[in-house]
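next one to model:
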Amino acid sequence: MIAIRFVLRLFGASPTAGFAQFIYGITALLVAPFAGLFGTPRFEGSVLEITSIVAMIVYALLAWLIIKVIVMFTADNRAVA
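Now for the predicted structure:
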């Protein structure tokens, strides 16, 4: 969803369009913790929303970490004789 937001902002999708409003509304909460970390370069209606990129990276790393912890606690650690 954040990737869709990134692409919509990059291509200058109208924020008043129904689909764009839907995506922006859903993802606003997800990117909010990263708002203001970096500037947001703009060029003729296109926006390079770096906060979306940061959010995708952080959430991917968090998911990877959670999976690693789950595997670590659920893996069979017995040595095979």
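
identify the residue nearest the most centrally placed residue in the chain in space, chain neighbours excluded?
Closest to where the C-alpha atoms of the chain average out (CA atoms, centre = their mean) is Met56, at 2.9 Å. Nearest residue to Met56, sequence neighbours excluded (CB to CB, 6 or more residues apart in numbering): Ile2, at 5.1 Å. For every residue, glycine as well, the C-beta is placed using N, CA and C.

and that neighbour, how far from Phe34?
Counting by CB to CB, to the nearest Å, the gap from Ile2 to Phe34 is 10 Å.

common neighbours of these two, please.
Ala55 (CB atoms under 8 Å, 6 or more residues apart in numbering).

on that earlier part again, which residues touch the residue nearest to Met56?
Listed by CB under 8 Å, 6+ apart, the contact partners of Ile2 are 27, 30-31, 52, 55-56, 59.

among those, which are in helices?
Secondary structure from DSSP state H places 27, 30-31, 52, 55-56, 59 of the contacts of Ile2 in helices.
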